[in-house]
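Visitor: Just a sequence and a predicted model for now, questions to come.
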Amino acid sequence: SLIEKMLDYGGSELVNSKNTYNENILHHAAYCGISDNIIEKIVNVGGKETILHRDRFGNSAFFAACYWGLSLDVIRHMIKIAGKEALTTTNFKKQAPYSQNTRVQTLLFEEGGKEYEKLLKEQKTVELKLMDLLMSNRMEEAEKALQDG
């Protein structure tokens with residue numbers, strides 16, 4: 001495809017270039033619905049730097065990928081390349097990456113461990129949903145959430 005040829009030609013310089021909002025190509029790929037194989041190619045070319053790059057709000061490209069609902073396989077691949085730092089890099093509002101996709105969110109809890117769980121718990125702007133409490137094995141809080149309605 002044309003995009004693959006551009007990535008081959010431009011390499012990491014192209015992938016890590018930024019627009020006026022300080023977004024890189026991976027931020028755009030996340031919210032434009034680019035195919036998994038192209039996103040994986042972007043990640044492979046740009047590496048950890050591309051995944052962890054933060055836009056003007058401090059959202060990493062990984063944060064954008066989780067937020068915009070990229071596939072479990074893509075998220076897993078990004079974690080493999082960027083490591084736990086992908087899960088623990090917060091934006092300027094101190095928000096950690098989060099996904100509405102339960103399978104992806106389960107992966108984030110598994111890979112991020114206690115450190116990721118602590119970041120989510122400390123977030124004042126986002127309430128943990130019942131499923132989040134259950135996935136992080138916080139049964140007492142989950143029971144209370146059920147009782148409170």
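Guide: That came in fine, so what should we check first?
Visitor: Next, count neighbours for Glu13.
Guide: By the criterion of other C-beta atoms under 10 Å, Glu13 has 10 neighbours. Yep, even glycine has a C-beta here, placed from its N, CA and C like the rest.
Visitor: so which strand or helix has it?
Guide: helix 2-15 (DSSP states H and E).
Visitor: for that helix, packing partners?
Guide: Applying 3 or more C-beta pairs under 8 Å, 6 or more residues apart in numbering; DSSP states H and E, one finds that helix 2-15 makes contact with helix 25-32, helix 36-52.
Visitor: tell me the most buried of those helices?
Guide: helix 25-32 (a mean of 20; mean count of other C-beta atoms under 10 Å).
Visitor: Now do that helix, average pLDDT.
Guide: What helix 25-32 shows for mean pLDDT is 89.
Visitor: CA atoms of it as PDB?
Guide: In PDB, the C-alpha atoms belonging to helix 25-32 read as follows (Å, rounded to 0.1, in the frame of the first residue of the first chain):
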ATOM      1  CA  ILE A  25       1.300   9.600  13.000                       C
ATOM      2  CA  LEU A  26       0.300   7.000  15.600                       C
ATOM      3  CA  HIS A  27      -2.100   9.500  17.400                       C
ATOM      4  CA  HIS A  28      -3.800  10.000  14.000                       C
ATOM      5  CA  ALA A  29      -3.800   6.300  13.100                       C
ATOM      6  CA  ALA A  30      -5.600   5.600  16.400                       C
ATOM      7  CA  TYR A  31      -8.500   7.900  15.800                       C
ATOM      8  CA  CYS A  32      -8.800   7.400  12.100                       C
END
